[in-house]
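Novice: For reference, the sequence and a predicted model appear below.
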Amino acid sequence: MKIRIIFSAVVLVMLAGAALSQTPEMPKPGPEVKRLQYYAGTWHSELEMKMAPGGKMTGTDHSEMMTGGFFLLTHTEGKGSMGELKEVAVMGYDPLEKVYTYDAFNNFGEAEHFKGTVQGDTWTWTSKGNFGGKPTDMRFTAKEVSPTQYTMKLEVATGSGWTTVMEGKATKVK
């Protein structure tokens, strides 16, 4: 009986040691995350602001997948009627909520947090925001026109539906 107990204890110690010595496999991005690779590269955007202060805005996004391939990191530089824009953004995928995430921070002190979905060639992002000093619902839509171009529109909810705040297009330059 003592031999069986000792043998069982030795087997358990060996199994535990083997389990501890195995290196866990690194997680790999799923197809939802790989879908973000569309935006990797350098994109030039031309935008028309539809509400005050209004006017044209141009920008350049430098985007790359972070090491590991789970998140897309974007650095943006732009110019418009409000002056120069500098922004950093991170896009990812939340497998628990089954939504894309977009978190951005800019030199105007704004922090944006959107959740999104993609259907075919159209991305739809929604957020609660502050527009003109009032809390509002926001919707950003991007449509992939080709591998090197997409159109975009930002809308805010009003009492009578959605109002377009900005429209434009982005072209991949490399």
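Specialist: Yes, it's here.
Novice: those helices in this structure, which residues are they?
Specialist: Along the chain, the stretches classed as helices by DSSP state H are 2-21, 31-34.
Novice: Name the nearest residue to Gly78, ignoring sequence neighbours.
Specialist: Of all residues beyond its chain neighbours, the one nearest Gly78 is Gly59 (3.0 Å), with distances taken as C-beta to C-beta, 6 or more residues apart in numbering. For glycine as for every other residue, the C-beta is placed from the backbone atoms N, C-alpha and C.
Novice: who's that neighbour bridged to?
Specialist: For Gly59, the beta-bridge partners under DSSP bridges are Ser45, Gly78.
Novice: before we move on, the earlier item: ranking the helices of the chain by mean pLDDT, which is last?
Specialist: Among those, helix 2-21 has the lowest mean pLDDT, at a mean of 56.
Novice: what's near enough to touch Gln37?
Specialist: Residues counted as contacts of Gln37 (C-beta atoms under 8 Å, 6 or more residues apart in numbering) are 65, 72.
Novice: Just list the residues touching the residue nearest to Gly78, thanks.
Specialist: Neighbour list for Gly59: 44-45, 47, 76-79, 85 [criterion: C-beta under 8 Å, 6+ apart].
Novice: and the gap between it and Val156?
Specialist: Between Gly59 and Val156 the computed distance is 20 Å (C-beta to C-beta, to the nearest Å).
Novice: shaky segments in this structure?
Specialist: 1-22, 131-132 (pLDDT under 70).
Novice: Nearest to the spatial middle of it, which residue is it?
Specialist: Within the chain, one residue has its C-alpha closest to the average C-alpha position: by C-alpha atoms, centre = their mean, that is Met91, at 1.8 Å.
Novice: Could you give the bridge partners of the residue lying closest to that residue once chain neighbours are set aside?
Specialist: Sequence neighbours aside, Leu72 is the residue nearest to Met91 in space, at 4.3 Å (criterion: C-beta to C-beta, 6+ apart). Assessed by DSSP bridges, Leu72 has beta-bridge partners Met65, Met91.
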